[in-house]
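Engineer: from the sequence below, what's the structure:
(2 chains)
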Amino acid sequence: MKARVYVMLKLGVLDPQGEAVRHALGALGFDGVQGVRQGKVIELDLAATDKAAAEAEVKVMCEKLLANTVIESYQIELS
Amino acid sequence: MRAAVIQFPGSNCDRDMAVALKAAGADVTMVWHKNTNLPDGLDFVAIPGGFSFGDYLRVGAIAARSPICQSVVAFANRGGYVFGVCNGFQVLTETGLLPGALLRNAGLKYICKHVELNVETTQSAYTSAYKADQSITIPIAHHDGNYNLDDADAQSLFDQDRVAFTYADNPNGSVHSIAGVLSENRRVLGMMPHPERLADPAQGGTDGQPFFAGLMDQIAKV
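Structural biologist: Model prediction:
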């Protein structure tokens, strides 16, 4: 089973990299971009076959390592 | 004082830290990150600056989960003195020993320069040899030193007198210009500036010297 984890800075936490990307897009003439948030995607290849068990396990991985929940939020997608 | 300096792959201020501690009179042991135990009879642990594990995933994240860090957390929880500078500060926030997190500098640039700090409290072993509100010069060298904590929590750090240092001129976007924070028991300190880099006249200044001298004095009294 594969899991995909999306990690983003929480809303309200300033994302200077996203802001820099927004400015660069503006410089390229994309005037309509009102906000950019940059995050990361982590893909996991899991031995687990049970979806619920896999999701529970990945959630623990997020809490323990993959995301810093002080500043980041995460979303898990399984396939 | 028996001190240990932790070394991770990518640490690069470990020897500077050891030199400053030895100059202040400490007996220093270097400890590799794969060790599971700290040396016996230890008074103090330093987590040095650098780019542990290449800053992969998040700054300090992998180091904070290394075998030795489990022991460092246990040592701190037993009332041990733990000091993290720069990457070491990032590691300490990742372990949860200190609140908040360090984000990319607001200006997105790596900054390497001397900055002016205000000593916000003298009520800690680390700051005991400074005067209250003293202005000192200490170097910074970081890309991810933007201390982030929500406003109410940052305010409560001030209320509990747990802000050790602030920047006179905020270089990186840190909330309330916070440069260093203490744990609740005041024995764990994390800060982005490097006192060990300005602790000998040969380094061009000695404003970092009282930091280590005060620490030695206070720990000798415990």
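Engineer: chain A: strands as residue ranges?
Structural biologist: For chain A, the strands defined by DSSP state E occupy A:2-9, A:39-45, A:72-78.
Engineer: of all these, which one is nearest B:Thr137?
Structural biologist: Ranking those by proximity to B:Thr137 (C-beta to C-beta) places strand A:2-9 first, at 32.5 Å. Heads up, the C-betas are built off the backbone N, CA and C, glycines and all.
Engineer: does chain A have contacts with the helix or strand hosting B:Pro139?
Structural biologist: Here B:Pro139 sits within strand B:135-142, counting by DSSP states H and E. No. Against chain A, strand B:135-142 shows no contacts by C-beta under 8 Å from any C-beta of the partner chain, the least distance being 13.9 Å.
Engineer: where's the residue lying farthest from the centre of chain B relative to chain A, distance?
Structural biologist: The centre of chain B is farthest from one residue, B:Ala152, which by C-alpha atoms, centre = their mean lies 22.9 Å away. Per C-beta to the nearest C-beta, to the nearest Å, B:Ala152 is found 12 Å from chain A.
Engineer: quick one: that residue is in a helix?
Structural biologist: Yes. B:Ala152 forms part of a helix when assessed by DSSP: H, G, I helix; E, B strand; the rest coil.
Engineer: tell me the pLDDT of B:Gly84.
Structural biologist: With respect to pLDDT, B:Gly84 has a value of 98.
Engineer: who is it paired with across the strands?
Structural biologist: Taking DSSP bridges as the rule, B:Gly84 bridges to B:Ile47, B:Gly190.
Engineer: looking at chain A, which helix or strand is least sure?
Structural biologist: Least confident helix or strand, chain A: helix A:16-27 with a mean of 93, by mean pLDDT, DSSP states H and E.
Engineer: from the chain's centroid, how far away is that one?
Structural biologist: Here helix A:16-27 shows a centroid-to-chain-centroid distance of 18 Å under the convention C-alpha atoms, centre = their mean, to the nearest Å.
Engineer: next, the angle from it to strand A:39-45.
Structural biologist: Computed by axes from the mean of the first three to the mean of the last three C-alpha atoms, to 10 degrees, the angle separating helix A:16-27 from strand A:39-45 equals 120 degrees.
Engineer: burial measure for B:Ser156, as a count.
Structural biologist: 13 (other C-beta atoms under 10 Å in any protein chain shown).
Engineer: distance check, it against B:Asn172.
Structural biologist: B:Ser156 is 22 Å from B:Asn172, where distance means C-beta to C-beta, to the nearest Å.
Engineer: I'm done for today, thanks for sticking with me.
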